[in-house]
Structures are given as structure tokens and as C-alpha cells.
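S.K.: coords below, sequence missing:
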């Protein structure tokens, strides 16, 4: 009887560490957000983003290359592939324009906005903006393992992000995939999708946005983790029993 009690105590101790690597748990009655037609890839520029600006004149006919005469001599200005960091307050300092607010604009809106600023200086300016530090974090289902996937294609889907991360792992539960969308100043949006059926393709084709988290919930491994956690105790008890048997036989 004492051995049974000891065994049950060991199991209870081991259960304290079972499946502790499962993240982003939600209650059974948690109200997930519902995807709709407004969910697209129009990411809004945020503080600490890094973006590349290419600026052309004559609606993109050629790069800006201006040589102007002044009392101080020649001045040469060229805006080609310049990279800027969006400050924590959402602003950025542009040459000859000064400090402007850029956070909150989509890429296309930012291009139009910058063109409206530079039109006072150049003929028919054409701006090209590209966010260079966009990425998605993918947990493919093995617990705490994750991959940071750079967003090269603005139309990257959930299934593509999973593929870039190596696919759903053997332990991953394809029927329980969460897309967590972090929104500055707001509560995150959390979508649950079932990718185990063909009907789930509608969710798999959702466009991911920068800083999204794609989390594949791992299948709980209760038995294997209990055995793994009990292994040191079993080894210790076996060793003590062996020593006791040897010493008991001696006396």
C-alpha cells in the first residue's frame, strides 16, 4: 500500500510539469474573432518600423538627381534607396521636409502622402515605400519551438507562413490553429481555424500581417511526459532498493 501511495505521489509531482510548453491557452467559452472581408494585407505602419523609400521625379521616369547653384557653391541631393526608422512617437524625419507623422498609414497611403509632401519641391514625384522589418512568428506545433518568418510577399497567407516554417509538426494539432493579430493600442484579435479539413482552406488563405503570431496548438502528451518526469524518481527508487537488498542480505 505504501508503494502505491508513493507512486501516486510521484505522479502528482510529475503532473506539475506536464505540457507546460503549451502557450496562448483560452477558456472553453472564449469568444474568438470571426474573419470577414475586411481582413486583408493592408498593414499600417507602426512605431519602430524600418522602411525603405525610393523617390523618383516625372512620375517615376528617372531618379531624383538635382544639382543646384548657391552662393556656397554646388549642392548635390540624391534620394535613392534611403532607409528610415519610424520613431516611437510615429514620426520620421525626411530631408528638406522635416519631421512628419507616418505611423497609421498603409504602405499605399504613405506613398501618396509622401508624394503630396515632395510635390512642392520636385516635378511629379513618385514614391515607393517598402517595410523591411516585417515578420511573422510561427509556432508549428511542437510546443515552445518557433520560427520568425520575414514577410517578403505582401500577400503571404497563413498556409504559406506555415510552409515557410517547415509545416505543422507531428505533434501539432491542425484542427486548432490560432492567428493572433497584435494591434497597437488595442486588444489583440484572435482567430481560430481548423486546417484539418478541406473547408479550412478559407482560413488558410487569410493574409498575414506584420507581427502576427500563428500558433498551432500541440497535442497533449500526458503519458510520455509523465514517464519522462518519473524516470529520475524510478531510477532513484530502483537504486535505493538495490542497495537495501544488498545491505539487507549482508546483515
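M.R.: Yep, it's here. What you are looking at is a predicted structure, and each value in this text was computed from that prediction instead of being measured.
S.K.: Bridged to residue 92, which residues?
M.R.: For residue 92, the beta-bridge partners are residue 100 (DSSP bridges).
S.K.: Direction included, what does the lengthiest strand in the chain pair up with?
M.R.: Using DSSP state E, we find that the single longest strand of the chain is strand 172-181. Strand 172-181 pairs in its sheet with strand 189-193 (antiparallel), strand 213-218 (antiparallel), by DSSP bridges.
S.K.: Include mean neighbour count and mean pLDDT when you put those into a markdown table, please.
M.R.: Any C-beta I mention is one placed from the backbone N, CA and C, and that applies to glycine too. What follows is the strands paired with strand 172-181, written out as a markdown table (neighbours: other CB atoms under 10 Å; pLDDT from 0 to 100):
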| stretch | mean neighbour count | mean pLDDT |
| --- | --- | --- |
| strand 189-193 | 18 | 90 |
| strand 213-218 | 22 | 92 |
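S.K.: Tell me which of the ones you listed lies nearest to residue 53.
M.R.: strand 213-218 (28.4 Å; CB to CB).
S.K.: Name the residues that touch the closest one?
M.R.: The list of residues contacting strand 213-218 from outside it, by CB atoms under 8 Å, 6 or more residues apart in numbering, reads 19, 21-24, 136-143, 158, 161-162, 165, 168-169, 171-174, 176-182, 208.
S.K.: Which residue ranges of this protein form strands?
M.R.: For the chain, the strands defined by DSSP E occupy 50-57, 62-63, 66-70, 73-77, 82-85, 91-94, 98-101, 126-131, 135-139, 147-150, 172-181, 189-193, 213-218.
S.K.: Ok, which of the ones you listed comes nearest residue 204?
M.R.: Between residue 204 and these, the tightest spacing by CB to CB is seen for strand 189-193, at 7.1 Å.
S.K.: What lies in contact with that closest one?
M.R.: Outside strand 189-193, the residues within contact range by CB under 8 Å, 6+ apart are 26, 30, 32-35, 158, 176-181, 183, 200, 203-204, 206.
S.K.: With distance to residue 129 as added columns, please give the strands paired with strand 172-181 in JSON lines.
M.R.: Conversion of these to JSON lines gives the following (distance: least, CB to CB, whole Å):
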{"stretch": "strand 189-193", "distance to residue 129": "25"}
{"stretch": "strand 213-218", "distance to residue 129": "25"}
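S.K.: Of those, give the one that comes closest to residue 147.
M.R.: Each of the strands paired with strand 172-181 was checked against residue 147 via CB to CB, and the shortest separation belongs to strand 213-218, namely 9.7 Å.
S.K.: What is the neighbour count of residue 124?
M.R.: Summarising burial for residue 124: neighbours were counted as other CB atoms under 10 Å, giving 13.
S.K.: State the number of residues packed around the nearest residue to it once chain neighbours are set aside.
M.R.: Nearest residue to residue 124, sequence neighbours excluded (CB to CB, 6 or more residues apart in numbering): residue 59, at 4.6 Å. Other residues near residue 59 number 10, with proximity taken as other CB under 10 Å.
S.K.: try residue 26
M.R.: Using other CB under 10 Å, residue 26 is surrounded by 13 other residues.
S.K.: how near is it to residue 190?
M.R.: 7 Å (CB to CB, to the nearest Å).
S.K.: what sits against residue 160?
M.R.: Neighbour list for residue 160: residue 153 [criterion: CB under 8 Å, 6+ apart].
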